[in-house]
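In: Structure for this input, please:
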Amino acid sequence: MKRDEDKKTKMRVSFDLDEVLFVFPETHKTEPELKFPLNKIYKERLRLGTPMLINTLQELGYEVWVYTSSFRSEAYIKKLFKHYGVKFDGIVNAERHLKEVQKNSKHILPQKVPSVYHISLHVDDESIICTQSRQYGFEAYQLDAQDDEWVDKIIKYAGEVKHKKILQGALF
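Out: You can find the predicted model right below:
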């Protein structure tokens, strides 16, 4: 019973990894590289502001998930982000998506369907995921280019989505 109540009262926000949270220092501002030898194990670079954004969203009462089409293991993702002081509430990688969402369906579903996991807002760089969002029952925020205000914009948009969900009776 408690778990069902949590689904109703907490809004879930998910982030794609590649080109959203993981970016290239040549094109985006990034968090400082992890110290040796961790930088040899975890080569990905986080978009500047990622730890602050995720921790702020969680402090504001949101559940924060990763929903990626990559096959990086859940353990790898958890360990990498732990070094930045981040703990996700849930992780969906390509393997989990294929097992739990696509299953044995003959109809090919999109590579991400956040609504299956009760995710209300998904942040992604791919326009196809964002355009399919309404059809599959979730809101999307498209993020790709360098944007110094991305953290504030996503916090604001998450608040707007949450307010809309409350008005619809989907939360609380």
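In: which stretches of the protein form helices?
Out: 2-9, 38-41, 50-59, 74-82, 94-97, 127-131, 150-168 (DSSP state H).
In: now, of the ones you listed, which is deepest in the fold?
Out: Comparing the helices of the chain by mean neighbour count (mean count of other Cβ atoms under 10 Å), helix 50-59 comes out on top with a mean of 18. Backbone N, C-alpha and C define where each C-beta goes, glycine included.
In: Report the angle between that one and helix 150-168.
Out: 20 degrees (axes from the mean of the first three to the mean of the last three Cα atoms, to 10 degrees).
In: what does helix 50-59 contact?
Out: For helix 50-59, the external contacting residues (Cβ atoms under 8 Å, 6 or more residues apart in numbering) are 13, 15, 21, 31, 64, 81, 84-86, 88-89, 150-151, 154-155, 158.
In: if we go to 10 Å?
Out: With contacts defined as Cβ atoms under 10 Å, 6 or more residues apart in numbering, helix 50-59 is touched by 10-11, 13, 15, 20-23, 30-31, 46-47, 49, 62-66, 81, 83-89, 121, 123, 150-152, 154-155, 158.
In: Averaged pLDDT, that helix. What do you get?
Out: Averaged across helix 50-59, pLDDT comes to 98.
In: just to revisit the earlier point, now, the contacts of helix 50-59 that are in strands?
Out: Of these, the ones assigned to strands by DSSP state E are 13, 15, 22-23, 46, 63-66, 121, 123.
In: Which of these sits closest to residue 164?
Out: Relative to residue 164, the closest of those is residue 121; by Cβ to Cβ it sits at 10.2 Å.
In: neighbours around that closest one, how many?
Out: For residue 121, the number of neighbouring residues by other Cβ atoms under 10 Å comes to 24.
In: measure residue 23 to residue 145 for me?
Out: Going from residue 23 to residue 145 by Cβ to Cβ, to the nearest Å gives 10 Å.
In: Now do the end-to-end distance for stretch 117-127.
Out: 20 Å (Cα to Cα, to the nearest Å).
In: For it, what is the distance to the chain centroid?
Out: 7 Å (Cα atoms, centre = their mean, to the nearest Å).
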